[in-house]
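1. When you get a sec, could you give me coordinates for this:
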Amino acid sequence: MMSKAMENLEITSPCYARRAIEDKNALREMPLCGKLNIRGDAGNEKFAAAMERATGVPLPLDANTSQQQQSSRLFWLGPDEWLLHCALDQVDDISRTLEVQLQGLHCAVTEISDYYTVLRLRGPDAGTLLRKGCPLDLHPSKFKPDDIAQSRFGHASILLHKLDDGESWDIQVRWTYAEYLWDYLVSAMTTLP
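-> Numbers count the residues shown, from 1 in each chain. Modelled structure (predicted):
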């Protein structure tokens, strides 16, 4: 069941009016999903077990990794911080379950579903396009499928996730920077040979 706040939520980012690009290289905004930022002690077995019971996803403990089970994915953001992506209609139930499962533990759970959007960039030139604004080494030998990293793209902070197919990237960005990032990528597409 979705909370009253979520029912009234504008479920489109500023990019909602942008038409998806489907060409050799493609760009589109992904549908809004539920997002929870979770802080806690990964070394505490009770915390790790409670997290998996509540989310259904094993806690990723290695830097720049994620774990997925069905429609939920848990991203490692730091030694004591994770980001859960889940179905929008499940975010309230998962948040309540986490509250119960983590009771008595030093931790924090914050819903941020409407704070970020995800743009998906796909194509043979996706890495080249990302390098125009992102300082990370995105060479396939360094940034492998299913790797994640927090970085910058131009002036925007992003969470970058390389998908399993090796040529698709999910770029999570704050809604306030979504149009900036979209326009930057579209402009970069026009300069490709």
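
2. Show me the helices in this protein, by range?
-> For the chain, the helices defined by DSSP state H cover 4-7, 45-55, 91-101, 126-131, 175-190.

3. Throw those into JSON lines and include distance to Leu159 and mean neighbour count, thanks.
-> Backbone N, C-alpha and C define where each C-beta goes, glycine included. Converted to JSON lines, these look like this (distance: least, Cβ to Cβ, whole Å; neighbours: other Cβ atoms under 10 Å):
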{"stretch": "helix 4-7", "distance to Leu159": "22", "mean neighbour count": "11"}
{"stretch": "helix 45-55", "distance to Leu159": "18", "mean neighbour count": "18"}
{"stretch": "helix 91-101", "distance to Leu159": "18", "mean neighbour count": "17"}
{"stretch": "helix 126-131", "distance to Leu159": "13", "mean neighbour count": "19"}
{"stretch": "helix 175-190", "distance to Leu159": "12", "mean neighbour count": "17"}
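
4. Which of the ones you listed comes out lowest on mean pLDDT?
-> Here the lowest mean pLDDT among those goes to helix 4-7, at a mean of 50.

5. Can you lay out the helices of the chain as a markdown table showing distance to Leu138?
-> Listed next are the helices of the chain as a markdown table, based on distance: least, Cβ to Cβ, whole Å:
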| stretch | distance to Leu138 |
| --- | --- |
| helix 4-7 | 35 |
| helix 45-55 | 29 |
| helix 91-101 | 31 |
| helix 126-131 | 5 |
| helix 175-190 | 14 |
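
6. tell me the contacts of the nearest residue to Ser71 once chain neighbours are set aside?
-> Nearest non-adjacent residue to Ser71, counting by Cβ to Cβ, 6 or more residues apart in numbering: Ala87, 5.2 Å away. Residues near Ala87 by Cβ atoms under 8 Å, 6 or more residues apart in numbering: Cys33, Gly34, Ser71, Ser72.
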